[in-house]
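S.K.: Sequence first, predicted coordinates after that:
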Amino acid sequence: MRDPYSLAVITASVRPDRIGPTVTRWFLRHLPRHTDAGVDHIDLAELDLSDDLAGGGDAERFTKGVDKADAFVIVTPEYNHGYPGPLKTAIDTPYEQWRAKPLGFVSYGGASGGLRAVEQLRNVFAELHVPTMRTSVLIPNVHDVFDDGELRDPGPVEAALAEMVRQLNWWAHTLAAARTDRPYDC
């Protein structure tokens, strides 16, 4: 396995007034304390992915980014008890490139902190043979908890970040070695 492993961090919201980039920047600032992974940030708002999955636009570039990653973190909001439509398009654009690679979640929203979006995404990724980390980073009431890009009360959220990344590190190293030893073709 490559050491450090390759981690793709995907910002899922594409709305013009989104807070997703603030959440992603916070995560990326705190991530190096917990891993030596090489990070590739992918912002879905900067990609042209076809809703009909016909390819074209940035589909090939996005698929190559998923293919080269050993692990993923998706930074997602919860909209109406679900996740954003453009994230579903992004998930469905590649296919086998996701397989046997671990994924963690940083979610945000109202009182639930994006938990309902994460629960839906776990089912989608299970179908793609992607193990998801049990611990997620949930940021409730997101519009009230940031001050100049930092959390006002970081304790519980940073503890979840440390645990999620610890799990992700183990899975990324273990599955990369397993894919090298015995390619996953299920």
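M.R.: Received the coordinates, thanks.
S.K.: other SSEs contacting the biggest helix by length in the chain?
M.R.: Determined from DSSP state H, the single longest helix within the chain is helix 155-181. Counting contacts by 3 or more C-beta pairs under 8 Å, 6 or more residues apart in numbering; DSSP states H and E, helix 155-181 is packed against helix 20-30, strand 71-77, strand 103-108, strand 137-139. Every C-beta, even on glycine, is put in place using the N, C-alpha and C of the backbone.
S.K.: can you pull the buried residues of it?
M.R.: 157-158, 160-165, 167-169, 171-173, 175-176 (16 or more other C-beta atoms under 10 Å).
S.K.: Burial check on Asp67, number of neighbours?
M.R.: 13 (other C-beta atoms under 10 Å).
S.K.: when you give positions from now on, start the count at 195
M.R.: From this message on, residue numbering opens at 195, which makes the last subject Asp261.
S.K.: Just give the nearest non-adjacent residue to it, would you?
M.R.: Closest residue to Asp261 apart from its sequence neighbours, by C-beta to C-beta, 6 or more residues apart in numbering: Gln291 at 4.1 Å.
S.K.: Distance check, that neighbour against Ala265.
M.R.: 13 Å (C-beta to C-beta, to the nearest Å).
S.K.: If you count surrounding residues, which of those two has more?
M.R.: Legend: neighbour count by other C-beta under 10 Å for Gln291 and Ala265, higher for Ala265 (26 against 16).
S.K.: residues in contact with that one?
M.R.: Applying C-beta atoms under 8 Å, 6 or more residues apart in numbering, we find Ala265 in contact with 199-202, 231, 295-298, 362, 365-366.
S.K.: Give me the below-cutoff pLDDT ranges for the chain.
M.R.: 195-196 (pLDDT under 70).
S.K.: Tell me which residue lies nearest the centroid of it.
M.R.: For the chain, the residue nearest the mean C-alpha position is Ile268 (1.5 Å; C-alpha atoms, centre = their mean).
S.K.: From what I see, that one and Pro296 are in contact.
M.R.: No. In this structure, Ile268 is not within contact of Pro296 by C-beta atoms under 8 Å, at 11.7 Å.
S.K.: Can you classify the residue nearest to Asp261 as helix, strand or coil?
M.R.: The three-state label given to Gln291 by DSSP: H, G, I helix; E, B strand; the rest coil is helix.
S.K.: Can you name the residues in contact with stretch 304-315?
M.R.: Contact partners of stretch 304-315, identified using C-beta under 8 Å, 6+ apart, comprise 268, 270-273, 275-277, 281, 299, 301-303, 326, 330, 332-336.
S.K.: try 6 Å this time
M.R.: If you take C-beta atoms under 6 Å, 6 or more residues apart in numbering as the criterion, stretch 304-315 is touched by 270, 272, 275-277, 299, 301-302, 330, 332-334.
S.K.: Tabulate the residues you listed in TSV, adding columns for distance to Ile236.
M.R.: Shown next, in TSV, are those (distance: C-beta to C-beta, whole Å):
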residue	distance to Ile236
Thr270	13
Glu272	20
His275	25
Gly276	21
Tyr277	16
Phe299	15
Ser301	17
Tyr302	18
Ser330	19
Leu332	21
Ile333	20
Pro334	25
